[in-house]
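**Student:** Coordinates only, no sequence provided:
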């Protein structure tokens, strides 16, 4: 059945002229910035923040702090199903690809693919399936096989011919740390990733990404105020160059400063023992504002859209495929 599932990859430049396509989740970081009256200024400011952060981290042979700029591509993966009378396509995954421009040598250097991670199926799992499962129960629990279908789709995508033709390395996804967990500094420090933290217990997001074949490490880069969660398959410290890692840090830390300023634009640095909080008040705002409440509501709408257009129409096929998926 696997040969009846295939992926088509599309790419679009993320710059100040970017407009989200109809297939893009509008809660996604990059799409959310490109909305409203201030959309172009939002995008311009975010891109300047990314470049400034990149140059601050890549400071060697860069005395004026302006040697590099980061170009971003939005990578969209559509899953095509072609089985008997069941034919259709659905936008299953969107990620970001970084590219680094060295203005001193006029060289364009490939960065990391992954970074931001956008998925309609994840919206369905967290905003429809999980709340429905816990609707009439006193104690929170996780549905059986929660995240398995999503994880198999992601692993199948990474193993696909379409992915291998376009990308040389496996993805690194970079997210905010969980406000439900406590993080402890270790003695490990990387020159670019910074100080490593470990958490007291795995989060629900960790378990979900583990089903995608990814594990997490937590690092607070130099001059950052909180650790970031890096999800990867392989060796994060050895598989990627310093410039590749910096492209991910500068991009995703910028998004987090905008969307979670209480954590990533706080006015004090994470301590030895650190629990993130969205309720703490000692932080600074960027010049980019967004509606976090609207974003949560849209996630529910997008989850229901996925249920209607993807999960229900192809449920039997997807369940059979996922049960027999060996990756």
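**Tutor:** Okay, I see it. Note that this is a predicted model, so its numbers are computed, not measured.

**Student:** Tell me which stretches of this protein form strands.
**Tutor:** 5-14, 68-83, 86-102, 107-118, 172-176, 183-190, 194-199, 215-220, 228-232, 273-274 (DSSP state E).

**Student:** May I have the strands that pair with the fourth one, each with its orientation?
**Tutor:** In the sheet, strand 107-118 lines up against strand 86-102 (antiparallel), strand 172-176 (parallel) (DSSP bridges).

**Student:** Spell out, range by range, the helices that occur in this structure.
**Tutor:** 29-33, 39-57, 120-124, 130-133, 148-158, 161-166, 204-210, 242-259, 261-264, 292-306, 315-323 (DSSP state H).

**Student:** out of those, nearest to residue 105?
**Tutor:** helix 242-259 (12.1 Å; CB to CB). C-beta: built from backbone N, CA, C; applies to glycine.

**Student:** Which of the strands paired with strand 107-118 has the lowest mean pLDDT?
**Tutor:** Lowest mean pLDDT within these: strand 86-102, a mean of 90.

**Student:** and the closest residue in space to residue 204 that isn't next to it in sequence, what is it in contact with?
**Tutor:** Nearest non-adjacent residue to residue 204, counting by CB to CB, 6 or more residues apart in numbering: residue 142, 7.4 Å away. Neighbouring residues of residue 142 by CB atoms under 8 Å, 6 or more residues apart in numbering: 130, 133, 204, 207.

**Student:** same thing but at 10 Å, please
**Tutor:** 129-130, 133-134, 204, 207-208 (CB atoms under 10 Å, 6 or more residues apart in numbering).

**Student:** Point out where the chain drops to low pLDDT.
**Tutor:** 1-3, 20-36, 84-86, 289-296, 326-327 (pLDDT under 70).

**Student:** still on that earlier bit, in a markdown table, list the strands paired with strand 107-118 along with distance to residue 239 and mean neighbour count.
**Tutor:** Shown next, in a markdown table, are the strands paired with strand 107-118 (distance: least, CB to CB, whole Å; neighbours: other CB atoms under 10 Å):
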| stretch | distance to residue 239 | mean neighbour count |
| --- | --- | --- |
| strand 86-102 | 15 | 19 |
| strand 172-176 | 9 | 23 |
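
**Student:** Reformat these as JSON lines; add distance to residue 285.
**Tutor:** JSON lines is the format used below for those (distance: least, CB to CB, whole Å):
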{"stretch": "strand 86-102", "distance to residue 285": "24"}
{"stretch": "strand 172-176", "distance to residue 285": "17"}
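
**Student:** Of all these, which one is nearest residue 165?
**Tutor:** The nearest among the strands paired with strand 107-118, by CB to CB, is strand 86-102 at 13.9 Å.

**Student:** The closest residue to residue 93 other than its chain neighbours: neighbouring residues, count only.
**Tutor:** Take residue 93 and drop its neighbours on the chain: the residue closest to it by CB to CB, 6+ apart is residue 77, 4.3 Å away. A count of nearby residues for residue 77, using other CB atoms under 10 Å, gives 22.

**Student:** in the sheet, who's paired with residue 77?
**Tutor:** With DSSP bridges as the rule, residue 77 is bridged to residue 9, residue 93.

**Student:** From here on, call the first residue 369.
**Tutor:** With 369 as the first residue, the last one maps to residue 445.

**Student:** Contact partners for it?
**Tutor:** 375-378, 459-463, 487, 521-522, 525-526, 528, 530-531, 534.

**Student:** Just the buried subset of the residues you listed, please.
**Tutor:** The neighbour-count test (16 or more other CB atoms under 10 Å) applied to the contacts of residue 445 identifies 375, 377, 459-463, 487, 521-522, 525-526, 528, 531 as buried.

**Student:** Name the nearest residue to residue 514, sequence neighbours excluded.
**Tutor:** Nearest to residue 514 is residue 493, by CB to CB, 6+ apart, at 6.6 Å.
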